[in-house]
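K.L.:
let's see this in three dimensions:
(chains A and B)
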Protein chains: 2
Amino acid sequence: MEAAVACLAEHGWAGSTVAVVAERAGVSRGAAQHHFPTREDLFTGAVEYVAEERSAALRALPVQGRAEVVAALVDLYTGPLFRAALHLWVAASNEPQLRPRVTELEARVGRETHRIAVELLGADESRPGARETVQGLLDMARGLGLANLLTDDTARRARVVAQWATLVEEGLG
Amino acid sequence: MEAAVACLAEHGWAGSTVAVVAERAGVSRGAAQHHFPTREDLFTGAVEYVAEERSAALRALPVQGRAEVVAALVDLYTGPLFRAALHLWVAASNEPQLRPRVTELEARVGRETHRIAVELLGADESRPGARETVQGLLDMARGLGLANLLTDDTARRARVVAQWATLVEEGLG
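P.N.:
The predicted structure is shown next:
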């Protein structure tokens, strides 16, 4: 699963096949194809698995202040997992056989990430605007991931995250 | 230029060639290739041209309240231009001959969009946090564009934008 995500992040959808991942992971092509009959199976499965692992790790962090939680949420979108997911999203926008699977995957992972963000931020979603504050924060995190795709955006991102953590505090009360 | 952007938005980088765009625009392949010797020239040129057109249109809007400005800025990232730019970014992350051109293009367009956003929002960047508030807003707009790639996210986006417009107001004072 990690090899599939790394492959997708580095080579994109066009350069990612079950055979390439099998070689990278040191398993036989036959074994890989037995578990994942198509490359759609392998790569959507891998992105979902790694996203779940990242979510579980995030949830297991000791309880922290909101600024640290905001930074940890943003970090979800700046590594190989986000790159891999981005390649899947963009490929799905042009490939009809991939699209429904990625749409469903995005919805499931998105709901789970929102749930974890609400929990870690201690957001009261019955309060007007709280739900949209969390959603907008995750949208910003995705945009920051995109801004980090071609250049190292670490320094600028840290300043943006610090300021928006104070605005999230306002939005959540 | 519009045909090149539409082609990239619909078919992605792999499906976009000078010949396909020439046919779509109703010009001869020879004429298109005279102006744009490589497809890198054509597609980076087209995205920059259309981005400038959109920026000029935004700047020409009558002065409005900040909530309207926030909504107009977010709209920049939800149409064919954003889709086209996204395909370029993702292709550039894997293709060494495209990468430096797209990195430069992204920096130029990004600076220009930031400048227009500051102007339209009436942001005082000497005030602590104002610059990062505008940057984070544009990052959020990019993330909202990504969320709109596979599904129609219009209704959710309107609620997020309404809430974040009030947070931007806080951030700009």
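
K.L.:
what does the pLDDT read for the residue lying closest to A:Ala147 once chain neighbours are set aside?
P.N.:
Excluding its sequence neighbours, the residue lying closest to A:Ala147 (CB to CB, 6 or more residues apart in numbering or on different chains) is A:Asp153, at 4.8 Å. Just so you know, the C-beta spots here come from the backbone N, C-alpha and C atoms, and that holds for glycine as well. At A:Asp153, the model reports a pLDDT of 96.

K.L.:
tell me how many other residues crowd A:Asp153.
P.N.:
If you count neighbours by other CB atoms under 10 Å in any protein chain shown, A:Asp153 ends up with 17.

K.L.:
ok, A:Asp152 next?
P.N.:
As a burial measure, A:Asp152 scores 9 neighbours (other CB under 10 Å).

K.L.:
chain center to stretch A:88-106: distance?
P.N.:
Counting by CA atoms, centre = their mean, to the nearest Å, stretch A:88-106 is centred 15 Å from the centre of its parent chain.

K.L.:
that one and chain B in contact?
P.N.:
Yes. Counting by CB under 8 Å from any CB of the partner chain, chain B has neighbours in stretch A:88-106: A:Trp89, A:Val90, A:Ala91, A:Ala92, A:Ser93, A:Asn94, A:Arg99, A:Val102, A:Thr103, A:Glu106.

K.L.:
list the contacts of the first one.
P.N.:
Shown here is A:Trp89, whose contacts under the criterion CB atoms under 8 Å, 6 or more residues apart in numbering or on different chains are A:Val102, A:Glu106, B:Leu146, B:Leu149, B:Leu150.

K.L.:
please, which helix or strand holds it?
P.N.:
helix A:80-94 (DSSP states H and E).

K.L.:
tell me which helix or strand comes right after that helix.
P.N.:
Next helix or strand after helix A:80-94 toward the C-terminus (DSSP H and E): helix A:99-121.

K.L.:
now that following helix against helix A:80-94, angle please.
P.N.:
Interaxial angle, helix A:99-121 versus helix A:80-94 (axes from the mean of the first three to the mean of the last three CA atoms, to 10 degrees): 140 degrees.

K.L.:
would you put the C-alpha positions of the helix or strand following helix A:99-121 in CSV?
P.N.:
Note on helix A:99-121: by DSSP H and E, the next helix or strand toward the C-terminus is helix A:130-147. The C-alpha trace of helix A:130-147 is given here as CSV (Å, rounded to 0.1, in the frame of the first residue of the first chain):
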residue,chain,number,x,y,z
ALA,A,130,-18.7,26.3,13.4
ARG,A,131,-19.3,23.5,10.8
GLU,A,132,-18.3,25.9,8.0
THR,A,133,-15.3,27.1,9.9
VAL,A,134,-14.0,23.5,10.1
GLN,A,135,-14.9,22.8,6.4
GLY,A,136,-13.1,26.0,5.2
LEU,A,137,-10.0,25.1,7.2
LEU,A,138,-9.8,21.7,5.5
ASP,A,139,-10.4,23.4,2.1
MET,A,140,-7.5,25.8,3.0
ALA,A,141,-5.3,22.8,3.9
ARG,A,142,-6.0,21.3,0.5
GLY,A,143,-5.1,24.5,-1.2
LEU,A,144,-1.9,24.7,0.8
GLY,A,145,-1.1,21.2,-0.4
LEU,A,146,-1.5,22.3,-4.0
ALA,A,147,0.8,25.3,-3.4
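
K.L.:
any idea how far the residue nearest to the spatial centre of chain A is from A:Thr133?
P.N.:
By CA atoms, centre = their mean, the mean C-alpha position of chain A lies nearest to A:Phe82, the distance being 4.5 Å. Going from A:Phe82 to A:Thr133 by CB to CB, to the nearest Å gives 22 Å.

K.L.:
can I assume the residue nearest to A:Ala147 is in contact with A:Leu146?
P.N.:
No. A:Asp153 lies out of contact with A:Leu146 (CB atoms under 8 Å); the separation is 9.4 Å.
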